[in-house]
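1. Generate coordinates for the sequence data below:
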Amino acid sequence: MATFFDKFKSLINTKSQNTSEQYNRAIYNWLGNTIVWNTENDETYINDGYRKNATIYSIINLITKAASTIPYHIYEKVNDGDYKRYKALSSGIGDPNVMIKAQMLKKHALVELEHTELHKLLERPNPAQSYASWITEMIAFGKLTGNRYIYGIGPETGDNINKYTELYIMPSQIMEINSGGIMKPVESYTIEYNGTYHIPAEQMCHIKDFNPYFDGTGSHLYGQSPLKAGLRSMTTNNEAVESGVKFLQNQTARGLLMSDEGDLNEVQAQQLKDKFRKDHQGSKKAGDIIITPKKLSWVNFGLNASDMSLIEQYNASIKDLCNIYNVPVTLLNNTESSTYNNVKEAKKALYQNCVIPELLKIQDELNRWLAPMYGDNICIEYDFSVIPELQEETDKVVDQMSKAWWLTPNEKRAAMSYAHDEDNPILDEYYIPANLIPASGSDIDFADPQPLADEDSKKKNPISNIEVKDSIELKASYNDYPQSASNNAKRMIDWREKYGRDEVRGGTSVGWQRASSLSKRESLSESTVARMAQFNRHRENATIDPKFKDTPWKDNGYVAWNLWGGTSGVNWAIKKIKQIRDE
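-> Sure thing, here's the model as predicted:
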């Protein structure tokens, strides 16, 4: 007796994608362990699209070339809250003011890493490809078929057993999904190319475009190609070009010239034709008037390209294809409205509406599938701040930064894509304009004005030769903090020198600068003492986490706490700032 499976199997040829829908639905829902056939005709999109259609070829290359030039960086997340806010602001809007805010949050949320294993992998994903050609392949397949497949290969034994050493982009038009049934939609992948190969699902990263078509057979597991919606526009474009070529190749005589006074014999017809060519053809006689004593009739039976509306149909299909891909038609050498400013705005729109969303989709999937193999808090981020078309004019940015007194100079440097200045700790201080006072300024007691210094105290400014006065009163500073605070800070510095920054990761750049000052017994300003006192909010880090009992230098919170002098340093700062303000 034939089994349930045998009855369904006899309905179709399993090597054809034109599988019976009822069979597929039954297998997908109840049996599982079968291929879900892709109902999209990806071969058409590739052969009739990219390989045959000049417009689609140009659009895909515009996108891939723009995307492959944007650099990526690898970071360690140190503040989840700021990282989420940074992700929300850097979602591809591309507004300069928003990008500046995003850069501020990025500085607090992420610490950039260098020369990691992930760097090495992405720089050379596999022996045959660089990063640029690898990302170009991925984006091109995605824009043509709606699917991107990344296959990861790693050692089966050894220290790197859970890490990939090679990444390959698989041809999406020949990939098939093996379903394990409704409870496990994707069990593995199959590729048929000079043989049949099965790839476990966990070794494949499938990045697909949204597909709303749910027919019960699992076809929704594949992404929908943009050309699925634009198939008629692509066909129109191809047919317009083909019709134009045939018109040029096969055009016949434009018409027939006949005599109304009787038939012409063959000799007379040839003489008339030769005379017409001699007297009225050629560039010098274009537009000339023909005068003849004979009564002649003209029958027109040729159509020109304008009569056939080929140009109008061709241009309309180009605009439709550009709209499908969110690419401005101006960038395809459309000269109807191409000015310098229009092209500049079109390039900006290309990045905002097409390139950045595509890279963000890839970035999120790589952070889900690839980055966790190299560390719990590791992430990949694309740097969109380098895109020239998204940069505000420099003078406007400088003007904005100069007015933003609530930002430190180093934060302003970060907003303008300059490196953090580690050699000058003073650039991490806030500089408040002298003409600003607190809202409760009426309660402030101003000191009596001091007399100016005598003439002997005047000196010349060596740069501008403007006379300046020596300050009468120096800003107060304090260095009576306990020795144990200095010892705590010095111990953290010794740990970093001994174990390296890869082991001792706790603390910010400001914290390490503060540790340097405390270890050297340098005097601290009132604002610095106040910041030490505010660090009391991290007192839960004063004790070592039990899991770092044997390696306390790996406890990031404990390291950060002691950079500010530890418990003794923070307690001193709390008492000191109260004493200062009581006075």
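2. how many other residues sit next to residue 153?
-> Residue 153 sits with 13 neighbouring residues when counted by other Cβ atoms under 10 Å. Placement of C-beta: from N, CA and C, glycine included.
3. Any idea what it is bridged to?
-> Judged by DSSP bridges, the bridge partners of residue 153 are residue 166.
4. Quick one: residues contacting it.
-> By Cβ atoms under 8 Å, 6 or more residues apart in numbering, the residues touching residue 153 are 164, 165, 166, 167, 168, 203.
5. how about a cut-off of 7 Å?
-> Residues counted as contacts of residue 153 (Cβ atoms under 7 Å, 6 or more residues apart in numbering) are 164, 165, 166.
6. Out of the residues you listed, grab the one that's most surrounded.
-> residue 164 (21 neighbours).
7. ok, for that residue, nearest residue in space, not its chain neighbours?
-> Spatial nearest neighbour of residue 164, chain neighbours left out: residue 152 (3.8 Å); criterion: Cβ to Cβ, 6 or more residues apart in numbering.
8. try residue 206
-> Residue 206 sits nearest to residue 149 (Cβ to Cβ, 6+ apart), 5.7 Å away.
9. Next one, pLDDT for the one you found please.
-> Looking at residue 149, its pLDDT reads 97.
10. what ranges do the helices span in the stretch 201-350 of the chain?
-> Remark: helices assigned in the stretch 201-350 of the chain by DSSP state H, counting those that start in this stretch are 226-229, 231-250, 266-280, 310-325, 340-350.
11. which of the ones you listed is buried the deepest?
-> Burial among the helices of the stretch 201-350 of the chain, expressed as mean neighbours by mean count of other Cβ atoms under 10 Å, is greatest for helix 226-229, which shows a mean of 20.
12. Give the other helices and strands that it contacts.
-> helix 310-325 (3 or more Cβ pairs under 7 Å, 6 or more residues apart in numbering; DSSP states H and E).
13. pLDDT wise, what is residue 286 at?
-> Turning to residue 286, the model gives it a pLDDT of 59.
14. Also residue 273?
-> 76.
15. likewise residue 279?
-> 71.
16. I'd like to know which of the helices of the stretch 201-350 of the chain lies nearest to residue 76.
-> Closest to residue 76 of the helices of the stretch 201-350 of the chain is helix 340-350 (Cβ to Cβ; 31.8 Å).
17. Show me what counts as buried in the helix or strand following that closest one.
-> Once the chain leaves helix 340-350, the next helix or strand it forms, by DSSP states H and E, is helix 356-369. Of the residues in helix 356-369, those buried by neighbour count under the rule 16 or more other Cβ atoms under 10 Å are 356, 358, 359, 360, 361, 362, 363, 365, 366, 369.
18. Go through those residues and name the one nearest residue 50.
-> Closest to residue 50 out of those is residue 358 (16.4 Å), distances taken as Cβ to Cβ.
19. in the protein, which helix or strand is least confident?
-> Among the helical and strand segments of the chain, the one scoring lowest on mean pLDDT, DSSP states H and E is strand 467-468, with a mean of 40.
20. got a pLDDT number for the closest residue in space to residue 404 that isn't next to it in sequence?
-> Excluding the flanking residues, the one nearest residue 404 by Cβ to Cβ, 6+ apart is residue 412, at 6.9 Å. At residue 412, the pLDDT value in this model is 80.
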